[in-house]
Structure formats: structure tokens, C-alpha cells
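Undergrad: Structure for the following, please:
(chains A and B)
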Number of protein chains: 2
Amino acid sequence: MDPREPHFTSARLEELTQPECLELLASKKVGRVAWCGARGPQVLPANYVVVDGDIILLTSGTSQIEKALYETRTAFQVDDIDDFLEAGWSVLVVGSATFVRDAEKRHMSSGELPETWAPGRRDVCIRIRPDEITGRRLHP
Amino acid sequence: MDPREPHFTSARLEELTQPECLELLASKKVGRVAWCGARGPQVLPANYVVVDGDIILLTSGTSQIEKALYETRTAFQVDDIDDFLEAGWSVLVVGSATFVRDAEKRHMSSGELPETWAPGRRDVCIRIRPDEITGRRLHP
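TA: Residues are numbered from 1 along each chain as shown, chains lettered A, B, ... in the order given. Next up, the predicted model:
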């Protein structure tokens, strides 16, 4: 297929409902946290869990994420892309990030915190409360 | 493993060199374009190709991306995550987006434009010229 020509495909793009987005969000272990830095948008993968509709991340006290997210608009994006079918879905959460205080964190169960794959101590807990959740699925 | 306890793992996080980042960028067909919108960061998947070190996207004249990217700082993120190995890599390009004029586009070969999976006419061509390329690999 020549991408310079008009593009004909049987693919179909569907806007997802909020419950569908939340269900898909809960199905993955890694998403991408995004914020607007001084040098432009930044996007980094992170382990997460969804607790009461909020995104919970753990990071280290020295990470870029910890420095950047303090009281700024933050996005969290999760997707699943099938290269073979040329299809997939994507969910985008936009909201505000807050730090979970240690006292509160001690009352969270282990299932309410993500298992982090990266090395190093990751004891700074961040909660992203969604203001907007949108998602799309591309059917093959 | 209890995520509330200090986290010990044999995983290793490696900063990637620019040539490694460019090689990984060229290996995928879908990445995520990110920009800073009025309501916060936005992140959407998009098909792309890398041409002379630039990211080339095709979008429709009515898409969010087309409206948002005009002369703004733009990021493009690509990753590959292995849920089983709990490992993967991520590359982030930050730069400026420009529109490729039709006259210039007509001189591009089909390999210099991405095959787009989504339906609809996608004849607005966007070039993201990287100012910064960074990447990380998490070894299991």
C-alpha cells in the first residue's frame, strides 16, 4: 500500500465509554506518566495500580517524576497495540498528582501499591486523580 | 512481594546512547505523540516512520493532533514492555513539530511516510525534529 494515496481500510475507530476505560486501565501493569516540563512534554513508563479510580505510582525520591509532578497537571496513558492485527486500544487519564503521605501509605494494603520492576528504593507514592478519562479502540 | 517493604531486585536500569535510541525508534510502527494542551498533557498513539532522524506522522485535517501540534514543543515516545520478564525499553524524543507541505510530500517516497492503521483520510503530514533523544532499558 502506498501511504501517499488516499487510504482505504476496513478498520474502525471507536470511542470508549468511561467504564470501558476503567476496566482497560485496571488490566495492565505498566503505563506512561506524562507531564509538561520546562523543555517540553515528558513521557516515561511506570508501574501502577488503580485504587478507587485513582492511579497509584511508586517512585524514588530522586527521580524526574517525583520532582516534576508536584501539583501539576499530569497524564497517565495505557495502551495495548497488536502489530499483527494493526489494531489496539488506548486510554488517557488527565488529572492532578498528589503525594501520598507516609501515614496514609502505611494504611494501604500491599494490593493498593504497585509492584515496581525498576531497581532502587521507590518509596515516594504518587496518586493521580483523574479529571478526564478518554479512550479509543481501533478494530481491525 | 510486599510493595510496602524496601524493594530488592536484580533488575538493572541502563541509560541508552543516542545511536541505540535511534535504532530502537526505527524498530517500531506505533509510538505515542504527546503535547501540552490547555487541559494538561495529552498522549495519543500514532503510526510513524523515522526519516533522516525525524519522526514522520500522518494525521487527518480534523484530528486533535493536527490542531495541537502546530509550532509547539512535542514529544514522541516509543517503548517495548515485556510483562513476563518485567523488563523493557523506552525512548523519548522531544522536539518541534512542523507540517510537511504538499509540494514536499509529493517528493517523498512511500517508505518515507507511515502506513496508517486508523480509518479515514490522513493526508496531513507532520515532521517532529528531535532536539533531545533519551532512552532507558530495564534489564530483568
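
Undergrad: Contact partners for the closest residue to A:Val49 other than its chain neighbours?
TA: What sits nearest to A:Val49 in space, not counting adjacent residues and going by C-beta to C-beta, 6 or more residues apart in numbering or on different chains, is A:Pro114, at 4.7 Å. Just so you know, the C-beta spots here come from the backbone N, C-alpha and C atoms, and that holds for glycine as well. Listed by C-beta atoms under 8 Å, 6 or more residues apart in numbering or on different chains, the contact set of A:Pro114 reads A:29, A:46-49, A:56-58, B:3.

Undergrad: Confidence-wise, which of those comes last?
TA: Lowest pLDDT of the contacts of A:Pro114: B:Pro3, 60.

Undergrad: So which of the contacts of A:Pro114 belong to strands?
TA: Counting by DSSP state E, those place A:46-47, A:49, A:56-58 in strands.

Undergrad: Would you mind giving these as JSON lines with neighbour count and distance to A:Ser96 added?
TA: Listed next are those as JSON lines, based on neighbours: other C-beta atoms under 10 Å in any protein chain shown; distance: C-beta to C-beta, whole Å:
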{"residue": "A:Ala46", "neighbour count": "23", "distance to A:Ser96": "17"}
{"residue": "A:Asn47", "neighbour count": "21", "distance to A:Ser96": "20"}
{"residue": "A:Val49", "neighbour count": "19", "distance to A:Ser96": "18"}
{"residue": "A:Ile56", "neighbour count": "21", "distance to A:Ser96": "14"}
{"residue": "A:Leu57", "neighbour count": "26", "distance to A:Ser96": "13"}
{"residue": "A:Leu58", "neighbour count": "25", "distance to A:Ser96": "18"}
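
Undergrad: Sort out which one of the residues you listed lies nearest A:Ala118 for me.
TA: A:Asn47 (7.8 Å; C-beta to C-beta).

Undergrad: OK, contacts around that closest one?
TA: So A:Asn47 contacts A:29-30, A:57-58, A:114-118 (C-beta under 8 Å, 6+ apart).
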